[in-house]
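# Sequence plus predicted model, see below.
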Amino acid sequence: MKSLTRPRRVHVLEREQFVRATRENAFRFFANARNLELITPPWLRFRVVTPGEIEMREGTTIDYRIRVMGLPMSWRSLISRWEPGVAFVDQMLEGPYRWWHHLHTFEDRDGGTVLRDRVEYAVPYGPLAPIAHALFVKRRLREIFDFRRDAVERSVDVTAVEPHPSR
């Protein structure tokens, strides 16, 4: 199991996205761990392998299988913060990164919801980590989150959005 102590040096990826869905519906979408399969690029061959219903709450662990550069890997996440309708954090306990801390926040705005992601991550590989990050990891994470943005746009329930008051 990886340490839950944040390393001194981490990289940060931040994204913000507006969806025409209520905050409750947007949060409900992300609260279903199986929806990760819908918003993860197919080249990662991502699968949730935790059996049965996954009750999301602080302390929940979720197991996944993923392929990184064609190599199968396990990934285990811990939900370390859970504020329904507001925010949650998933932290990697086991997986391809030295450190992974992903904060998801949800905010009402203009008849929809602003989704924010802040990922702090550290790359393994010791002295080769800066090279791996520069040559591969940084670009690949951007591609993954670009795919995620587009998939979320298609997937989050927009049918329950209240009309904007100015329309």
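Thanks, I have it. Residues are numbered from 1 along each chain as shown.
# Which other helices and strands does the longest helix along the chain contact?
The longest helix of the chain (DSSP state H) is helix 138-155. Applying 3 or more C-beta pairs under 8 Å, 6 or more residues apart in numbering; DSSP states H and E, we find helix 138-155 packed against strand 11-19, helix 36-39, strand 112-122. No exception for glycine: its C-beta is placed from N, CA and C like everyone else's.
# Other residues contacting whichever strand in the chain runs longest?
Ranked by residue count under DSSP state E, the longest strand found in the chain is strand 71-83. Outside of strand 71-83, the residues that reach it under the criterion C-beta atoms under 8 Å, 6 or more residues apart in numbering are 1, 4, 56-67, 87-96, 103.
# Just the buried residues out of those, in ChimeraX syntax.
Buried subset of these, written as a ChimeraX selection, criterion 16 or more other C-beta atoms under 10 Å:
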select :56,60,62,63,64,66,88,89,90,91,92,93,94,95,96,103
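# Please flag which of the contacts of strand 71-83 sit within strands.
61-67, 87-94, 103.
# For the helices and strands packed on helix 138-155, give me JSON lines that also has mean pLDDT and distance to Ile131.
Listed next are the helices and strands packed on helix 138-155 as JSON lines, based on pLDDT from 0 to 100; distance: least, C-beta to C-beta, whole Å:
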{"stretch": "strand 11-19", "mean pLDDT": "96", "distance to Ile131": "13"}
{"stretch": "helix 36-39", "mean pLDDT": "94", "distance to Ile131": "29"}
{"stretch": "strand 112-122", "mean pLDDT": "96", "distance to Ile131": "14"}
